[in-house]
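In: Fold the following, please.
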Amino acid sequence: MWARALGKPGGSAEVTTCATVNDLGGGVSGSGDLFCSLENVTDPLMRKNGQPVFQNVTDELTSMLVLFCETGFLADGSCDVAVKRVRISLFASGTEDWFWNYDNNGLRLAQLRFYMN
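Out: Next up, the predicted model:
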């Protein structure tokens with residue numbers, strides 16, 4: 001998957017992959033909580049001067065990098081004891097309701113291209 005920003009220079013956007021995580025097995029359970037990836041797409045979606053260039057955003061938009069905590073999250077959203085970072089593939093078993101959280105900051109046109117391996 002490749003992305004680039006088009007239109008007049010100056011706009012930007014940020015895209016983060018999110019999903020509801022139930023039970024991934026191996027002791028990793030999200031208990032039906034909504035998780036968003038620690039990674040996001042920002043640089044390919046910043047419209048700068050010059051010719052727009054496609055950048056590879058496959059990992060950021062087809063999976064989530066999630067931090068699971070042993071005792072849950074604290075009130076400020078941080079972990080007191082981290083179990084592990086887990087990369088969850090798009091539509092993995094034990095997940096549902098996948099979406100991209102798209103935060104637009106004046107970017108009028110973004111282009112995504114999908115290629116098969």
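
In: Please name every helix or strand in contact with the helix or strand harbouring Arg87.
Out: Arg87 is part of strand 82-89 when elements are defined by DSSP states H and E. Applying 3 or more CB pairs under 8 Å, 6 or more residues apart in numbering; DSSP states H and E, we find strand 82-89 packed against strand 12-25, strand 28-36, strand 63-69. In short, each C-beta sits where N, CA and C put it, glycine included.

In: between the last one and strand 82-89, how big is the angle?
Out: Translated: strand 63-69. Relative orientation of strand 63-69 and strand 82-89, computed by axes from the mean of the first three to the mean of the last three CA atoms, to 10 degrees: 160 degrees.

In: How about the first one?
Out: For strand 12-25 and strand 82-89, the angle between their directions (the same axes, to 10 degrees) works out to 110 degrees.

In: could you point out which element follows the strand holding Arg87?
Out: Taking DSSP H and E, what comes next after strand 82-89 is strand 95-105.

In: Touching the strand holding Arg87 from outside, list them.
Out: With contact meaning CB atoms under 8 Å, 6 or more residues apart in numbering, strand 82-89 is reached by 19, 21, 24, 27-28, 38, 59, 62-70, 95.

In: Output the lowest mean pLDDT helix or strand found in this protein.
Out: strand 28-36 (a mean of 76; mean pLDDT, DSSP states H and E).

In: Let's test this: mean pLDDT of the strand holding Arg87, rounded?
Out: Regarding strand 82-89, the rounded mean pLDDT is 80.

In: now swap in stretch 60-77 and tell me
Out: 78.

In: Could you list which residues are in contact with Val57?
Out: Met1, Trp2, Ala3, Val15, Val41, Pro44, Leu112.

In: Is there a quick PyMOL command that grabs whichever of these are buried?
Out: A single PyMOL command selects the buried members of these (16 or more other CB atoms under 10 Å):
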select buried, resi 2+3+15+41+44+112
